[in-house]
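**Student:** give the three-dimensional model of this entry:
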Amino acid sequence: MQTKHLTPEEAVNYLIRTYGIRYSPKYFAKLRHTGEGAEHVKFPARVYYTPEQLDEWVKSRRQVRRTTSEPPILQSQRKAETPDVLPRQSNRKPARPNKKPAVELSRDMDVFELLAKL
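**Tutor:** Below you'll find the predicted structure:
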């Protein structure tokens, strides 16, 4: 028996029917393009999913939480030795170091004095 291949729209409907998970087709496409989506088959220019691939993807994205104050941990990332609370990671860029101006300016300088310092 051959496995049924689902289009992205059918895959979204499958997730709603089976798991109650609602994704828009556009968001599902974004997940696919960023590599966070379910495994898929491309033939020749169309994308297809199997129900088994979608089931595995949902299981891998399941999050384990004990409280709402700790960050979510994917079940696939959790290990037996993982501490209860993981340190939060910041996505912010490090601050730029304070740079001193190349020329010290004062209010009573005129343009010619400034040019002479450069």
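
**Student:** need the three-state assignment for residue 47.
**Tutor:** strand (DSSP: H, G, I helix; E, B strand; the rest coil).

**Student:** find the nearest non-adjacent residue to it, please.
**Tutor:** Nearest in space to residue 47, with sequence neighbours left out and distances taken as CB to CB, 6 or more residues apart in numbering, is residue 40 at 5.1 Å. For glycine as for every other residue, the C-beta is placed from the backbone atoms N, C-alpha and C.

**Student:** residue contacts, that neighbour?
**Tutor:** By CB atoms under 8 Å, 6 or more residues apart in numbering, the residues touching residue 40 are 32, 47, 48, 49, 53.

**Student:** that's a strand at residue 11, yeah?
**Tutor:** No - applying three-state DSSP, one finds residue 11 to be helix, outside a strand.

**Student:** give me the below-cutoff pLDDT ranges for the protein.
**Tutor:** Residue ranges of the chain with pLDDT under 70: 1, 64-66, 68, 70-87, 99-111, 114, 117-118.

**Student:** can you give me the helices for it?
**Tutor:** 8-19, 25-34, 51-61, 111-117 (DSSP state H).

**Student:** ok so, going back, neighbour-wise, which of the contacts of residue 40 leads?
**Tutor:** residue 49 (25 neighbours; other CB atoms under 10 Å).

**Student:** how much space between it and residue 26?
**Tutor:** Residue 49 is 16 Å from residue 26, where distance means CB to CB, to the nearest Å.

**Student:** isn't residue 53 up against residue 39?
**Tutor:** Yes - Residue 53 lies in contact with residue 39 (CB atoms under 8 Å); the separation is 4.6 Å.

**Student:** residue 57 is in contact with residue 38, correct?
**Tutor:** Yes - the pair residue 38 and residue 57 passes the contact test of CB under 8 Å, sitting 3.5 Å apart.
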